[in-house]
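>>> From the sequence below, what's the structure:
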Amino acid sequence: MRIRHIKIERWRHFQGVECDLPDNAPIICIVGGNGTGKSQILELIAACAQRIGLTPGLELLRGDPFNEEASFKVVFLIARDTIPTIDGDGGYPAHLNSQRESWDRTLTIESSPAVSVRITAGNVSPDHSEDFAQVIIRLIQKSSSVHYLFLDADRAYPKVQMSIQHINEALSRDWELTKKESSFRVTRNLYEEWFRFLIGRENQENNKYVQAIRVARNASTPDPRFVDQFESYKNALRRVLPHLLFVGVDPQRREIKFDSTGVELSFDQLSGGEREIAFLVGQIERFALKKGLLLVDEPELHLNYDLLRAWIGFLKSSVEEGQIWLATHSLEVVEVTGQDATLILQRDDETRRVIAATPLSAQPVVATLSRAIGSPAFSISTLSFVLIEGEEEIGERERFRLLCENPNHVRFLEAGSCKEVIRRIAELKKLAFVSGQTIRIGGVVDQDWRPRQEQSELSAAGLFVLGVHEVENFFLHPPTLRDLIDLMGGNPSAAEGILTAAADRRAGSWIFNAARTDRKFRDCSEPSTAVRQLVHGLSWLNFTDLSDRCDEIARSHGNLDEPEISLFRKHLETRAKIYSRKRESGELWKVCEGKEVFRAILPQLGLKDEDTGERALTSVWARKPDLLPKELVKLRAYVRGL
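I've put the predicted structure just below:
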């Protein structure tokens with residue numbers, strides 16, 4: 001069961017979207033920016049699957065597309081030997097038997113104001129096409145095997161409380177006979193039902209086995225061989241998580257048990273990624289979708305990169321004549337899926353409608369960047385890409401664009417931590433090389449408290465290390481602050497005092513964090529709550545007796561032995577002296593905690609919020625370019641040079 005073609009003339013924010021799909025692709029990956037409608041494509045497929053009989057029901061959070069003003073068409077291909085009821089001899093009316101040989105095994109479902117809903121069979125005479133399609137739908141509905149499953153992104157794994165009513169239902173239900181009617185449930189319902197399924201099947205099969213032993217012994221025949229009904233699930237789970245063994249059901253506690261390298265754990269004691277994989281693999285095994293249609297929204301949920309690759313690899317190998325659709329932001333999913341089978345949803349910049357779904361192979365390789373994928377402006381020949389530290393939600397890319405004068409040819413993309421910036425750049429360069437493409441890409445990381453040697457190592461790896469603690473520090477540049485204060489009718493000479501006072505209030509936190517980042521302490525235990533509360537309340541005025549204060553902090557850290565306390569105290573003293581020197585030299589603006597200090601001085605500058613402050617300060621540089629900090633000049637030169 002696969003989808004061959006999708007055309008959306010008009011539906012929600014889609015307009016004129018059409019795509020032909022590779023016949024031999026077991027996985028189709030949909031990518032695009034937030035709000036482009038990746039999940040909605042899956043919902044459209046789900047609604048069409050229900051109309052052609054693949055599922056007896058439909059549960060969608062946003063409603064049924066067939067009840068909306070829309071015009072779309074989806075073509076399904078039903079491979080031979082996929083649904084036995086179709087390939088059998090019965091079920092076809094005599095007047096339609098002659099059409100079986102000409103049928104190309106496709107069903108096309110169309111919805112529009114003109115035709116309402118129309119389902120036709122491909123290559124069948126026009127007079128019989130709709131009637132023949134209805135016969136196929138009835139045969140699909142008669143099939144007891146599952147041909148469809150939708151795992152939406154609303155996946156969370158709270159502890160399941162099993163009531164007596166649930167236990168009774170689990171023990172009495174015919175799980176095989178009712179399997180198909182469960183496949184359309186939303187994921188949170190599937191999750192709760194999965195527990196009842198495991199408990200019910202385990203108890204039912206165990207009872208049958210014990211009864212068979214009794215019968216055999218009464219007849220003086222050998223005991224029957226034990227057949228583990230969950231052997232396939234156990235083996236499939238270990239393919240993705242080799243360390244995790246499915247043990248079974250604890251009937252007293254009503255828990256699902258696993259063995260992790262010799263330690264017995266219940267399902268709710270597993271890590272987030274382990275729970276995700278244990279559940280998802282459980283659904284694949286329960287519904288046996290090797291020849292069916294599987295839809296998974298955000299397969300990367302709860303998973304690290306290595307685990308995600310293993311999971312997608314397992315999915316890909318589990319398909320025979322079926323098809324898997326994945327809606328994702330993840331570069332790793334795209335890499336495993338392949339470029340021909342990855343569709344990029346693209347928006348029109350003016351109308352904001354999605355107007356195209358084109359294969360990644362027809363787009364620049366940089367379109368695989370997870371968080372900005374799908375932009376119709378992507379072009380290797382005209383754009384450069386700069387990966388930066390930070391998360392998309394905090395707006396770092398807008399800050400960089402503002403500081404670098406909104407360069408039209410540059411796309412700033414948040415990539416998470418410094419390690420993630422390095423990893424993503426390496427992966428993209430590798431992907432570009434394999435694809436025969438060239439890519440202009442760089443990375444910018446914060447200076448933080450990194451020592452010079454580490455900064456040199458990062459620079460040697462091709463990254464640009466900011467000349468300030470973090471990007472917000474550029475907005476603390478004293479000459480720029482003086483000019484802005486003067487422009488707003490204030491006293492320019494107050495700039496340094498305002499800045500120093502705000503930084504001094506956070507001196508305890510700065511000294512502590514700077515000392516903690518030393519490589520000797522990075523692997524030490526986490527600081528105690530007491531020491532965090534202590535340092536956050538210490539201003540620079542509290543460090544008049546430097547040695548005693550640093551000793552107090554070191555001893556409050558917790559989980560340090562005496563030699564470590566002594567060493568940590570020395571590092572604290574060193575960082576406190578550095579803070580003092582920077583304070584006296586006028587370089588405090590470069591090294592203080594930029595985010596917090598900038599936020600603290602805004603009211604004294606008469607600025608209502610960070611966005612207003614950033615724009616006001618960058619406007620100073622637009623008027624007086626000679627005030628630009630040399631550290632910002634270097635950043636702009638790096639960006640221009642990519």
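>>> Kindly export stretch 595-610 (C-alpha atoms) in CSV.
As requested, the backbone C-alpha atoms of stretch 595-610 are provided in CSV (Å, rounded to 0.1, in the frame of the first residue of the first chain):
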residue,chain,number,x,y,z
LYS,A,595,22.0,39.0,28.5
GLU,A,596,21.4,39.8,32.2
VAL,A,597,23.3,43.0,32.3
PHE,A,598,21.7,44.4,29.1
ARG,A,599,18.3,43.5,30.5
ALA,A,600,19.1,45.3,33.8
ILE,A,601,20.2,48.6,32.3
LEU,A,602,17.3,49.1,29.9
PRO,A,603,15.0,51.0,32.4
GLN,A,604,17.9,53.4,33.2
LEU,A,605,18.3,54.1,29.5
GLY,A,606,14.6,54.8,29.1
LEU,A,607,14.0,51.8,26.9
LYS,A,608,11.0,49.6,27.3
ASP,A,609,12.3,46.2,26.2
GLU,A,610,15.3,44.4,24.6
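>>> For it, buried residues please.
Across stretch 595-610, burial judged by 16 or more other CB atoms under 10 Å covers 595, 597-598, 600-602, 604-605, 607, 610. The C-beta positions use only the backbone N, C-alpha and C, and glycine is treated the same way.
>>> From those residues, pick the one nearest residue 36.
The shortest approach to residue 36 among the buried residues of stretch 595-610 belongs to residue 610, at 28.1 Å (CB to CB).
>>> Touching, that closest one and residue 600? I think so.
No. Using CB atoms under 8 Å, residue 610 is not in contact with residue 600; the gap is 11.1 Å.
>>> Out of the buried residues of stretch 595-610, which two sit at the greatest distance?
Going by CB to CB, the pair spanning the buried residues of stretch 595-610 furthest: 595 and 604, at 16.6 Å.
>>> Nearest to the spatial middle of the chain, which residue is it?
Centroid-nearest residue in the chain: residue 300, 4.6 Å away (criterion: CA atoms, centre = their mean).
>>> what's near enough to touch residue 80?
87, 105 (CB atoms under 8 Å, 6 or more residues apart in numbering).
>>> Check what pLDDT it gets.
pLDDT recorded at residue 80 is 85.
>>> That one: what secondary structure?
Secondary structure state of residue 80, per DSSP: H, G, I helix; E, B strand; the rest coil, is coil.
>>> what do you get for residue 155?
coil.
>>> tell me the phi and psi of the residue nearest to the centre of the chain?
With angles defined as degrees, to the nearest 10, residue 300 sits at phi -80, psi 0.
>>> now whichever strand or helix holds residue 581: mean pLDDT?
Taking DSSP states H and E as the criterion, residue 581 maps to helix 562-585. For helix 562-585, the mean per-residue pLDDT is 92.
>>> how far does the lengthiest helix in the chain sit from the chain's center?
Longest helix of the chain, by residue count under DSSP state H: helix 187-218. Remark: helix 187-218 is offset 35 Å from the chain centroid, using CA atoms, centre = their mean, to the nearest Å.
>>> same question, stretch 596-611
33 Å.
>>> Stretch 272-291 too?
18 Å.
>>> Just the buried residues of it, please?
273-287, 289, 291.
>>> now do stretch 108-116
Neighbour counts over stretch 108-116 (16+ other CB under 10 Å) mark 108-111 as buried.
>>> Do a quick rundown of the strands in the stretch 301-450 of the chain.
323-327, 342-347, 354-359, 384-388, 410-414, 441-445 (DSSP state E, counting those that start in this stretch).
>>> Could you list every helix and strand that the first one packs against?
In terms of contacts (3 or more CB pairs under 8 Å, 6 or more residues apart in numbering; DSSP states H and E), strand 323-327 is packed against strand 2-11, strand 27-31, helix 38-51, strand 293-297, helix 305-317.
>>> right, so of those, which gets closest to residue 507?
Per CB to CB, nearest to residue 507 of the helices and strands packed on strand 323-327: helix 305-317, 37.9 Å.
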